[in-house]
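Undergrad: sharing a model that was predicted from the sequence below.
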Amino acid sequence: MSSRLDPCTPVDAREIGSWFAETDVLVIGYGGAGACAALEAHAHGAKVTILEVASAGGGTTALSGGQIYLGGGTPIQKACGFSDGCADMEAYVRLAAGANADLEKIRVYCESSLEHFDWLVTQGVEFNPEYYGGKHTNTPEYQSLAYSGNEKGYREARIARPAPRAHKPRAFWEDGGRTLMAALIKAVERTPIVVELETRALTLITEDARIVGALCRQNGEIRAWRAHSGVVLCCGGFIMNREMVAKYAPRLKDATPIGNPADTGAGLLMGMGAG
């Protein structure tokens, strides 16, 4: 089979001579999204395999400041003296997301915010109950709570009661993302989840219009992974794909790309190719 597979063109399972490995849930990408998806699938009883193109987990999440948008009255918000409600959080996010936002997804995200916070703590993510009152993309020291958006803006404050919702794991300055991923990777390592590194997903495999796996390049070979319960694509960053940036984020086409070399949009292309 050709090594120059098109991510936008799934391969029919009938073309697969043999399966290299099988699992219940196949997660492609080992950044924050991939780690969380794998942990949740395992918690629900699935056999899980993670495929990661790099030589270690982390992805773009590890390069970020690690701020997570949480609200509704988290323990950190309360410890720092702030009152917040899910309705205010939802109203602000709906405004910030603009006219084409998925309102149902926003509702679920905001209503589940406290559950998300508790889940992260259960995985071993530590937050420091200190508030940073300045305006910066990240807290300068170990503070875990700050404003990350325009919640206090005139228009925004008239629609939703302002509250700081950026939660950074307890880490110095810009180390929040690295610290977050370290905790999630440790959580994965405490489970039987299989992690395959230096494995590049090339395209999905379909059977009767259903996704049943992925073709990947590993150790110089094209190998097929079968997934009995689904494939989760967690490698959608596309800032390093200049063609996709020009098409989907044209205002950034001349900007200096910030991300990791694997941010080529492979997950989005595979997903679109599968319909």
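TA: Thanks, I have it. Quick caveat: nothing in here was measured; it's all calculated off a predicted structure.

Undergrad: cross-check the contact I'm expecting between Pro164 and Ser144.
TA: No. Using C-beta atoms under 8 Å, Pro164 is not in contact with Ser144; the gap is 10.1 Å. Any C-beta I mention is one placed from the backbone N, CA and C, and that applies to glycine too.

Undergrad: who's more crowded, those two?
TA: Neighbours per residue (other C-beta atoms under 10 Å) separate Pro164 from Ser144, with Ser144 holding more: 26 against 21.

Undergrad: so who does the more buried one touch?
TA: By C-beta atoms under 8 Å, 6 or more residues apart in numbering, the contact set of Ser144 is Ile76, Phe127, Asn128, Pro129, Glu130, His167, Lys168, Pro169, Arg170.

Undergrad: could you rerun that using 10 Å?
TA: Shown in contact with Ser144 (C-beta atoms under 10 Å, 6 or more residues apart in numbering): 66-68, 74, 76, 79-80, 126-132, 166-171, 176.

Undergrad: and it, how close does it get to Tyr109?
TA: Taken as C-beta to C-beta, to the nearest Å, the spacing of Ser144 relative to Tyr109 amounts to 20 Å.

Undergrad: quick check: Cys36 touching Ile185?
TA: No. Cys36 lies out of contact with Ile185 (C-beta atoms under 10 Å); the separation is 11.6 Å.

Undergrad: between those two, who's got more neighbours?
TA: Looking at Cys36 and Ile185 with other C-beta under 10 Å, you find the greater number of neighbours at Cys36, namely 21 against 18.

Undergrad: so the more buried one: helix, strand or coil?
TA: Put simply, Cys36 is helix when judged by DSSP: H, G, I helix; E, B strand; the rest coil.

Undergrad: and the pLDDT for it?
TA: Looking at Cys36, its pLDDT stands at 98.

Undergrad: and Arg4, by the same measure?
TA: 67.

Undergrad: before we move on, what about Met1?
TA: 55.

Undergrad: and for Ala160?
TA: 97.

Undergrad: just Glu40 next, same as before
TA: For Glu40, the model assigns a pLDDT of 98.

Undergrad: which residues of this structure fall in helices?
TA: Using DSSP state H, the helices of the chain run over residues 32-43, 59-63, 75-79, 86-97, 103-111, 113-123, 154-159, 176-189, 242-248, 266-273.

Undergrad: dump those helices to JSON lines, plus distance to Trp19.
TA: Listed next are the helices of the chain as JSON lines, based on distance: least, C-beta to C-beta, whole Å:
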{"stretch": "helix 32-43", "distance to Trp19": "19"}
{"stretch": "helix 59-63", "distance to Trp19": "26"}
{"stretch": "helix 75-79", "distance to Trp19": "45"}
{"stretch": "helix 86-97", "distance to Trp19": "41"}
{"stretch": "helix 103-111", "distance to Trp19": "34"}
{"stretch": "helix 113-123", "distance to Trp19": "31"}
{"stretch": "helix 154-159", "distance to Trp19": "52"}
{"stretch": "helix 176-189", "distance to Trp19": "23"}
{"stretch": "helix 242-248", "distance to Trp19": "31"}
{"stretch": "helix 266-273", "distance to Trp19": "18"}
